[in-house]
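Trainee: Got a predicted structure here, sequence first:
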2 protein chains.
Amino acid sequence: MTEKIRRFLDERRPATPCLVVDLDVIEDNYSNLHRLLPAAKIFYAVKANPMPDVVARLNALGSSFDTASRGEIELVLDQGADPANVSFGNTIKKETDIATAYALGVRLFAFDSEAELEKLARSAPGSRVFCRVLVECEGAEWPLSRKFGCTPQMAADLMVKAREKGLDPYGISFHVGSQQTDLGQWDKAVGGVASLFSILRERDVELRMINLGGGFPAKYRADVPPLEAYAAAVMDAIYNHFGNAIPDIIIEPGRSMAGDAGILQTEVVLISKKDEAEDKRWIYLDVGKFSGLAETMDEAIKYRLRTPHDGGATAPVILAGPTCDSADILYEKASYELPVDLKIGDKIEILATGAYTTSYSSVNFNGFAPLNTICI
Amino acid sequence: MTEKIRRFLDERRPATPCLVVDLDVIEDNYSNLHRLLPAAKIFYAVKANPMPDVVARLNALGSSFDTASRGEIELVLDQGADPANVSFGNTIKKETDIATAYALGVRLFAFDSEAELEKLARSAPGSRVFCRVLVECEGAEWPLSRKFGCTPQMAADLMVKAREKGLDPYGISFHVGSQQTDLGQWDKAVGGVASLFSILRERDVELRMINLGGGFPAKYRADVPPLEAYAAAVMDAIYNHFGNAIPDIIIEPGRSMAGDAGILQTEVVLISKKDEAEDKRWIYLDVGKFSGLAETMDEAIKYRLRTPHDGGATAPVILAGPTCDSADILYEKASYELPVDLKIGDKIEILATGAYTTSYSSVNFNGFAPLNTICI
């Protein structure tokens, strides 16, 4: 909680639920990351928080942008981004959207399959392309499925094909899983990419870029290593596997850039028990899974909470959202405790909610408006 | 797929993804249910599909409305509903929203806790109230948690308190789980409610209403009993436990009213494999978990699909949405097969998507627009 957000909440008293994002925190996060990883080019993962003010601030700082759709490309260009600094990082793209991106000046594209490569060859001729490879990603709180990436062997074949089709086989990307806390995962993944560089060199394809994806964490309930440790782990892995021949490095931070910049203020709507004999209170908030807290799915992301009664005695609670959907429970198994003095009408602050919240809000599920978000 | 929707899709060729809802199907569903359960008053669960046209059509047919929020109450009143036919069915309500509903003329409210009862006594004096009780709900495809309802014993105490506080202790509600396919669940639940009627009669509280909630299914991939069987099971249970002293009956259908009225047309964006040696294709659509298909969470609701190549040879697939979110996978474990001839750009129709789809869409996750929905 920054002083600026504190003051805003105290003075403006916005209707809840409300997410307040401090742009200065995002600026600090960008500057820190840039300082710690000067060799890397930062492509902000717009999907983490696509508020125009966030994009504009990062653009002013010199950030590049990792985009997931035509909509996000148009958004960042509207905020003044140079298309030369935009990556169309989704491996799943309609060919019409590729053509639109190309027409807008975007020349950097992700892919992980032959069919996508063919679309790119047709509709983004000559562009730089990078292939996403599958990596094991143990240790991530929001682990990745096999949805993105192909095996390294397939990636090698596809990069050769990329050159044959007139594209520029620029590099390899991977993602160790969002909110990755096991630093050893980086070395393993970078090692795999370095092998691909060697294999492709033998096939006369000279890769020049490694895209480390995202994965740097925000601070939720559990402790995470400091950003310094991440940066060191990443650079150690690169020196270890590439020696002095350091390729271009791209990173795509989202959560670590915007997460701790946001505070979500919510109100306690109801406190109840299912039975007089039960010890656990149910605490119902005016925000839930369908109005911004989608990442509580399977209780994956465990946010920190602040209440007006912190410091007093606590007792176990189940936390739930306000909709009539019985799946709209935030934490039932995650052993949350809240002050016994908590009462209906109290404001609770949910910390580090600047990433992957607002844009997940449903349009109007149960008649509730999307999460109101204010950048200050 | 109705002729009307078929013609609309063929002639208008709307951009995908697009949900088309046939209002005549909703009208048929309402009329059928009304014919099969003439003793019951139908409160359409607005949350299932809150399109104004859907509400307007049902209002013209004489339906009442079960609402989850102030937003939904304003929506149905805007469509001409009489507030006397509106229930504020969410047990989690801000007191300011209760007061607004009361000022708008709503006089029927749900609750399941003492704190909520106190809010109602203060801000909706004299209103009819019903208490939701917890029931076991085996057999539902979208099972309910313990989020709503209290134990029958607590419900009895609260109904006595309701009268003491000047409210009208009208009845008891329960919910057997959405998409409930085990008809025996109704008898068990109705029996529990009948016991509560007896217990409260001894405490001089004369309940007059049983609210059966929703739970009638739509037809997805698995077969479901016909609506006739549901209606018979429900009425048998009521005669069995209430004899000739039939109380007012309320039902709150949502899925069974709107589900099969909608067809979602989507486009195949990409077909790929992760490795040449793999047999399963990944099929990526232009709609996913965050743009309308939220109920594929944990692969709970298994929609039927129609493709232009139906009838030909099929092979196993994994179905996924278009976002960069690795959780945006529709079916990986549910053993879907699709034609081997399927190709990028083909249109696929996802059937029975009229309920619990559009309103779940995220506002702009990954820069994708909410699901475009057209009522015809």
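Mentor: Received the coordinates, thanks. Numbering: from 1, shown residues only, chains lettered A, B, ... in the order given.
Trainee: in chain A, which segments are predicted with low confidence?
Mentor: Flagging of chain A using pLDDT under 70 yields the residue ranges A:137-144.
Trainee: Please parse it into its domains.
Mentor: A:23-257, A:260-375 (automatic domain parsing).
Trainee: which parts of the stretch 1-150 of chain A sit against chain B?
Mentor: By the criterion of Cβ under 8 Å from any Cβ of the partner chain, the positions of the stretch 1-150 of chain A lying close to chain B are A:46-47, A:50, A:67-73, A:75, A:89-94, A:112-116, A:134, A:142-150. Every C-beta, even on glycine, is put in place using the N, C-alpha and C of the backbone.
Trainee: export the domains of chain A to a markdown table and tack on mean neighbour count?
Mentor: What follows is those, written out as a markdown table (neighbours: other Cβ atoms under 10 Å in any protein chain shown):
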| stretch | mean neighbour count |
| --- | --- |
| domain A:23-257 | 20 |
| domain A:260-375 | 20 |
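Trainee: how about those, which one is nearest B:P322?
Mentor: Relative to B:P322, the nearest member of the domains of chain A by Cβ to Cβ is domain A:23-257, separated by 5.1 Å.
Trainee: which stretches of the stretch 201-350 of chain A form strands?
Mentor: For the stretch 201-350 of chain A, the strands defined by DSSP state E, counting those that start in this stretch occupy A:209-211, A:248-251, A:262-272, A:281-285, A:305-306, A:314-320, A:329-339, A:347-350.
Trainee: Please flag which of the residues of the stretch 1-150 of chain A next to chain B sit within helices.
Mentor: Residues from the residues of the stretch 1-150 of chain A next to chain B lying in helices, with DSSP state H as the criterion: A:R70, A:G71, A:E72, A:I73, A:L75, A:E114, A:A115, A:E116.
Trainee: of these, closest to A:P83?
Mentor: For these, the minimum distance to A:P83 (Cβ to Cβ) is 8.0 Å, reached by A:I73.
Trainee: distance between the longest helix seen in chain A and the chain's centre?
Mentor: In chain A, with assignment by DSSP H, the single longest helix is helix A:184-202. Between the centre of helix A:184-202 and the centre of its host chain there is 24 Å, according to Cα atoms, centre = their mean, to the nearest Å.
Trainee: Name the helix or strand for A:L9, please.
Mentor: Under the assignment given by DSSP states H and E, the secondary-structure element containing A:L9 is helix A:3-12.
Trainee: Please identify the pairing partners of the next helix or strand after that helix and their relative orientation?
Mentor: Following helix A:3-12 in sequence order, the next helix or strand is strand A:18-21 (DSSP H and E). With DSSP bridges as the test, strand A:18-21 is paired with strand A:262-272 (antiparallel), strand A:372-375 (parallel).
Trainee: re the thing from before, for B:P308, state which of the ones in helices among the residues of the stretch 1-150 of chain A next to chain B is nearest.
Mentor: Distance from B:P308 was checked for each of these by Cβ to Cβ. The minimum falls on A:A115, at 17.9 Å.
Trainee: Distance check, the closest one against A:L158.
Mentor: As for A:A115, its distance to A:L158 is 10 Å (criterion: Cβ to Cβ, to the nearest Å).
Trainee: these two touch, right, A:L338 and A:L305?
Mentor: Yes - counting by Cβ atoms under 8 Å, A:L338 sits close enough to A:L305 to count as a contact (7.0 Å).
Trainee: what does stretch A:343-351 rub up against?
Mentor: Judged by Cβ atoms under 8 Å, 6 or more residues apart in numbering or on different chains, the contacts made with stretch A:343-351 from elsewhere in the structure are A:1, A:9, A:16, A:260, A:263-271, A:285, A:287, A:293, A:303-309, B:115.
Trainee: Using CSV, lay out the ones in helices among the residues of the stretch 1-150 of chain A next to chain B together with distance to B:C324.
Mentor: Written out in CSV, the entries for those read as follows (distance: Cβ to Cβ, whole Å):
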residue, distance to B:C324
A:R70, 13
A:G71, 12
A:E72, 10
A:I73, 13
A:L75, 15
A:E114, 20
A:A115, 18
A:E116, 14
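Trainee: Which members of these define the maximum pairwise distance?
Mentor: For those, the farthest-apart pair by Cβ to Cβ is A:L75 and A:E114; their separation is 29.8 Å.
Trainee: which residues touch the closest residue to A:G192 other than its chain neighbours?
Mentor: If you skip the residues right next to it in sequence, A:G192 has A:P152 as its closest partner in space, 6.0 Å away by Cβ to Cβ, 6 or more residues apart in numbering or on different chains. For A:P152, the residues meeting the contact criterion (Cβ under 8 Å, 6+ apart) are A:V133, A:L134, A:G192, A:S195, A:L196.
Trainee: go again using 7 Å as the cut-off
Mentor: With Cβ atoms under 7 Å, 6 or more residues apart in numbering or on different chains as the criterion, the residues that contact A:P152 are A:V133, A:G192, A:L196.
Trainee: Also A:P370?
Mentor: Listed by Cβ under 7 Å, 6+ apart, the contact set of A:P370 reads A:S291, A:S361, A:S362, A:V363, B:V363.
Trainee: Verify the contact between the last one and A:N364 for me.
Mentor: No - here B:V363 lies out of contact with A:N364, judged by Cβ atoms under 7 Å, at a distance of 9.4 Å.
Trainee: For chain B, what's its nearest residue on the stretch 201-350 of chain A.
Mentor: Taking Cβ to the nearest Cβ as the measure, the point where the stretch 201-350 of chain A comes nearest chain B is A:S272, at 3.3 Å.
Trainee: residues contacting the closest residue to that residue other than its chain neighbours?
Mentor: Take A:S272 and drop its neighbours on the chain: the residue closest to it by Cβ to Cβ, 6+ apart is B:S113, 3.3 Å away. By Cβ under 7 Å, 6+ apart, B:S113 lies in contact with A:L270, A:S272, B:C150.
Trainee: do the same with A:I318
Mentor: Contact partners of A:I318, counting by Cβ under 7 Å, 6+ apart, are A:K280, A:W282, A:I329, A:Y331, A:E332.
Trainee: The same query, at a cut-off of 6 Å, please.
Mentor: Remark: with contacts taken as Cβ atoms under 6 Å, 6 or more residues apart in numbering or on different chains, A:I318 is in contact with A:K280, A:W282, A:E332.
Trainee: Relative to A:S272, how far out is the last one?
Mentor: What that stands for is A:E332. Computed with Cβ to Cβ, the distance linking A:E332 and A:S272 is 15 Å.
Trainee: picking that back up, looking at the domains of chain A, spot the one closest to B:L167.
Mentor: Of all the domains of chain A, domain A:260-375 comes closest under Cβ to Cβ, at 17.0 Å.
Trainee: Quick check: end-to-end length of stretch A:361-376?
Mentor: 20 Å (Cα to Cα, to the nearest Å).
Trainee: how about the strands in the stretch 1-150 of chain A?
Mentor: Ranges of strands in the stretch 1-150 of chain A, per DSSP E, counting those that start in this stretch, are A:18-21, A:40-45, A:64-67, A:86-88, A:108-111, A:128-132, A:140-142.
Trainee: Quick one: those strands as TSV, columns for distance to A:P322 too.
Mentor: Shown next, in TSV, are the strands of the stretch 1-150 of chain A (distance: least, Cβ to Cβ, whole Å):
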stretch	distance to A:P322
strand A:18-21	14
strand A:40-45	29
strand A:64-67	33
strand A:86-88	37
strand A:108-111	38
strand A:128-132	38
strand A:140-142	24
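Trainee: With A:E202 as the reference, name the closest of those.
Mentor: Distances from A:E202 to each of these were compared by Cβ to Cβ, and the smallest falls on strand A:128-132, at 16.9 Å.
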